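Asks: Provided below for reference: sequence and predicted model.
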2 protein chains.
Amino acid sequence: MDGDSGGDIDLQSFAVRLRRMNAEFNRVAHDFAGAHGLHTTDIQALVKIFDAPSPITPSRLREELNLTSGAVTACLDRLERAGHIRRVRDAHDRRVVHLHYLDAAKDLAAAFFQPLGRGTGNALRRFSPEELRIVAAFLDAMNEELDALRAAPGSP
Amino acid sequence: MDGDSGGDIDLQSFAVRLRRMNAEFNRVAHDFAGAHGLHTTDIQALVKIFDAPSPITPSRLREELNLTSGAVTACLDRLERAGHIRRVRDAHDRRVVHLHYLDAAKDLAAAFFQPLGRGTGNALRRFSPEELRIVAAFLDAMNEELDALRAAPGSP
DNA sequence: ACATATAACTCAATGATTGAGATTCTTAAT
DNA sequence: ATTAAGAATCTCAATCATTGAGTTATATGT
């Protein structure tokens, strides 16, 4: 113990906090899945489709979610059948499919996740802009490290 | 100061960062599962068993993971068969089972997640103790809000 | 044209999750 | 003691997602 009062800044305590938050996010996602006749995988796919800067493809999803192509096809079938997404063939390379998140489904998800958004908003509101910049920097740092891990699982 | 122009402190940008981090954690967990003949659910259970302050029971796990009792039993069968946990009947209430994470399995998990721990450590090392206290406070705030959401999914 | 590579899909086999019900034990009341 | 009600866990058949191998359609290079 070196003068730090709270004992809050060691690796283990952060790991516990992060695992707990991760578990809760997964629980919310699991609830959404259940409420809409979907599965955990489908929600993960929806998040990826939603957050992708430009329309994502099934093979990219396969990489992101670590699934087999068969599983991705089945997942997209479910999402398309339930009216969440649409498959659009690329005009230039007709082998390629682009995945579009339908607006109506976006609204549905927005409505469901509104409590989560409010909760996150409440948490953010407790901090000053400078503090939030630090938090954002931390999340960015974590995401950088996680990307590095994905690239080279053992080395860094 | 100029930071207001960065667009880094609005709800949406935080949501994206958090979703991305969540997805990467899940990917790491999925890898661990695959490497040990387990499934995503089993890892979620292991995390809960590991992080519980005192030995957890199957019914508590059922609540935490939102599974049916049948699924929990099957999950624990797999974990016990694979040598990760042990079921211990409570002496006073013999209906109750307590779940113990075996030390050998802890070592196994520690070894596997060492890269993740190093990555997290790298991220933490970029920040001063005061900054880390802010980040820890933010994670605590998020976890509080998430707990509130779990208790009353619609109200706050 | 031909061969090779890539994107997405199909399908049988495997196996996790569900949902209902059975089993074992506890607690409170008669 | 005995009974009834309640709780914690487990069993099992049915359902359905995932896998892994193989197929189709399109693209690229020689």
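Replies: Arrived safely, thanks for sending.
Asks: quick one, domains of chain A?
Replies: A:11-125, A:126-156 (automatic domain parsing).
Asks: Which residue ranges of chain A form helices?
Replies: Secondary structure of chain A (DSSP state H): helices at A:11-35, A:40-51, A:58-65, A:69-81, A:103-125, A:129-151.
Asks: Mean neighbour count for those - can I get that in TSV?
Replies: No exception for glycine: its C-beta is placed from N, CA and C like everyone else's. TSV is the format used below for these (neighbours: other Cβ atoms under 10 Å in any protein chain shown):
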stretch	mean neighbour count
helix A:11-35	18
helix A:40-51	20
helix A:58-65	17
helix A:69-81	16
helix A:103-125	15
helix A:129-151	18
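Asks: So which of the ones you listed is nearest residue A:89?
Replies: Relative to residue A:89, the nearest member of those by Cβ to Cβ is helix A:58-65, separated by 11.7 Å.
Asks: just to revisit the earlier point, which one of the domains of chain A has the lowest average pLDDT?
Replies: For the domains of chain A, the weakest mean pLDDT is recorded on domain A:126-156, namely a mean of 88.
Asks: thinking again about what came up before, just send the helices of chain A back as CSV, with distance to DNA strand C too.
Replies: Listed next are the helices of chain A as CSV, based on distance: least, Cβ to the nearest atom of the strand, whole Å:
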stretch, distance to DNA strand C
helix A:11-35, 7
helix A:40-51, 9
helix A:58-65, 3
helix A:69-81, 3
helix A:103-125, 18
helix A:129-151, 18
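Asks: got these as a markdown table, with distance to residue B:95 columns?
Replies: Below are the helices of chain A laid out as a markdown table (distance: least, Cβ to Cβ, whole Å):
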| stretch | distance to residue B:95 |
| --- | --- |
| helix A:11-35 | 26 |
| helix A:40-51 | 30 |
| helix A:58-65 | 39 |
| helix A:69-81 | 39 |
| helix A:103-125 | 35 |
| helix A:129-151 | 42 |
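Asks: now the ones you listed in JSON lines, with distance to chain B?
Replies: Formatted as JSON lines, the helices of chain A follow (distance: least, Cβ to the nearest Cβ, whole Å):
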{"stretch": "helix A:11-35", "distance to chain B": "4"}
{"stretch": "helix A:40-51", "distance to chain B": "5"}
{"stretch": "helix A:58-65", "distance to chain B": "7"}
{"stretch": "helix A:69-81", "distance to chain B": "12"}
{"stretch": "helix A:103-125", "distance to chain B": "4"}
{"stretch": "helix A:129-151", "distance to chain B": "4"}
